[in-house]
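Asks: structure of the sequence below:
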Amino acid sequence: MGFAKGAQALGVEIVRECEVTGARLNGHRLTEVRTSKGDISTSILINAAGPWAKSIGRLLGVDVPVEPERRHIFIASPPGGGSWDEARNAGRVPKSKILVIDFESTFYFHREGGGLLFGMGDPDERPGFDITVRWDFLPKVIEVAVKRLPALGDAAVSHAWAGLYEMTPDHNPIIGPAPDVSGFFTIAGFSGHGFQHSPAAGRILADLMTGRDPGLDMSPFAAGRFALDVRSGELNVV
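Replies: Have a look, this model is predicted:
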């Protein structure tokens, strides 16, 4: 909301519930974007559609290798009907409210209001847009969780939800112009790090679009790197 309010203060118009349905090209140059609320004449389109980034790329004939993958979040109530502060004071949970991640298992947790938020990546999850909560996955998470945070063994899960990660083949984002369509830029595929990286990533893309030096080598994030069969990338994906 802070980003949105800042943009609006600078004159940006934000249109909600508006689907991008197509685009018009003049050769390899973008000239128009079609939406469910009318057409927009423009020479620039920024693809920040997250899990739907591939669909936007297809409208322009561009392959954007981003796949949606479901991730679960569970909220646990305090054990024994007390509070997590009491559990913390008893030494059963960390005193800090920072995010804790076990990279070996990808189990993670942090305090969330009066509850404890936790989750874990599912190695068997396949790409797709299904965000139904798979309760049969919870026992697998708990089996790992109680080894890292035994207090969860006495806690009850109050609610859960599922959302979508935007995954690239190397788990690094795509930031920059499309090789074959002038005016089409992508900033997507953060594989779980989007909000964390968004301030810096947005500034970097603005630099690339305006011809400024972003101050770092952007080749690991270039859209064309996958055609070169690049194998490096982020190793710790939760």
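
Asks: surely Ser41 meets Leu30?
Replies: No. Applying C-beta atoms under 8 Å as the test, Ser41 and Leu30 come out as separate, 10.1 Å apart. Any C-beta I mention is one placed from the backbone N, CA and C, and that applies to glycine too.

Asks: who has more neighbours, the two?
Replies: Leu30 (20 against 8; other C-beta atoms under 10 Å).

Asks: for the helix or strand hosting that one, which positions count as buried?
Replies: Counting by DSSP states H and E, the element that carries Leu30 is strand 29-35. By 16 or more other C-beta atoms under 10 Å, the buried positions in strand 29-35 come out as Leu30, Val33.

Asks: what's that strand in contact with?
Replies: Residues from elsewhere that reach strand 29-35, judged by C-beta atoms under 8 Å, 6 or more residues apart in numbering: 15, 18-25, 39-45, 60, 181-184.

Asks: hmm, 7 Å instead?
Replies: Applying C-beta atoms under 7 Å, 6 or more residues apart in numbering, the contact partners of strand 29-35 are 18-25, 39-45, 181-184.

Asks: please pick the buried ones from those.
Replies: Applying 16+ other C-beta under 10 Å to the contacts of strand 29-35 flags Val20, Ala23, Leu45, Val181, Gly183, Phe184 as buried.

Asks: residues contacting the first one?
Replies: I take that to be Val20. Val33, Thr35, Ile56, Leu59.

Asks: again, but for the last one
Replies: For Phe184, the contact set (C-beta under 7 Å, 6+ apart) comprises Leu30, Leu45, Asn47, Leu60, Val62, Pro177, Ala178.

Asks: in a helix, the fifth one, correct?
Replies: Okay, so that is Val62. No. Assigned with DSSP: H, G, I helix; E, B strand; the rest coil, Val62 falls outside any helix and is coil.

Asks: that one and Val181 touch, don't they?
Replies: Yes. Here Val62 reaches Val181: they are 5.7 Å apart, a contact under C-beta atoms under 7 Å.

Asks: longest single helix anywhere in the protein?
Replies: In the chain, taking DSSP state H as the definition, the longest helix is helix 194-210.

Asks: ok so, going back, in JSON lines: the contacts of Val20, plus distance to Phe109.
Replies: Output for the contacts of Val20, formatted as JSON lines (distance: C-beta to C-beta, whole Å):
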{"residue": "Val33", "distance to Phe109": "41"}
{"residue": "Thr35", "distance to Phe109": "40"}
{"residue": "Ile56", "distance to Phe109": "34"}
{"residue": "Leu59", "distance to Phe109": "39"}
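
Asks: let me know how buried Asp180 is, in neighbour terms.
Replies: By other C-beta under 10 Å, 13 other residues sit near Asp180.

Asks: poorly predicted segments of the chain, please.
Replies: Along the chain, segments meeting pLDDT under 70 span 80-82, 84, 87, 89-92, 94-95, 229-232, 235.
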